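Novice: sequence unknown, structure follows:
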């Protein structure tokens with residue numbers, strides 16, 4: 001497992017206790033946390049994926065945004081998922097979910113981190129399966 005950059009202690013504690021294998025990859029200056037064998041809720045074409053998030057300069061004061069999946073996710077019911085794009089990282093093409101925090105749910109430096117962002121990703125996945 002690659003560990004090519006450092007994270008704050010709280011993030012490392014969460015990663016080590018989250019139940020997923022993980023890698024910290026620096027690819028051409030882009031730092032990402034990759035969770036392996038990540039559980040996806042029912043309603044998708046896969047039950048387990050890799051998911052990564054980009055760690056921006058200035059983190060943890062700078063927010064984490066979006067999520068990137070491999071393999072690409074699709075809804076089992078055939079409905080299209082909106083706001084998707086392809087993203088090249090670590091020699092593979094990931095599926096970028098363009099999902100962002102809102103003024104009602106802003107990034108809170110000193111409070112938010114990997115744990116809260118991955119909880120948000122879980123919400124996005126569940127919410128997508130419930131759209132009509």
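Specialist: Perfect, thanks for sending it. Source: prediction; values computed, not measured.
Novice: I'd say residue 35 and residue 20 touch.
Specialist: Yes. Using Cβ atoms under 8 Å, residue 35 is in contact with residue 20, at 4.4 Å. For the C-beta atoms, the positions are set from N, CA and C on the backbone; glycine is no exception.
Novice: between these two, point out the one with more neighbours.
Specialist: residue 35 (22 against 16; other Cβ atoms under 10 Å).
Novice: and that one, that's in a helix?
Specialist: No. Counting by DSSP: H, G, I helix; E, B strand; the rest coil, residue 35 is not part of a helix but strand.
Novice: any idea what it is bridged to?
Specialist: Beta-bridge partners for residue 35, by DSSP bridges, are residue 22, residue 51.
Novice: so the nearest residue to residue 84 once chain neighbours are set aside: helix, strand or coil?
Specialist: The spatially closest residue to residue 84, leaving aside those adjacent along the chain, is residue 95, at 5.9 Å (Cβ to Cβ, 6 or more residues apart in numbering). Following three-state DSSP, the label given to residue 95 is strand.
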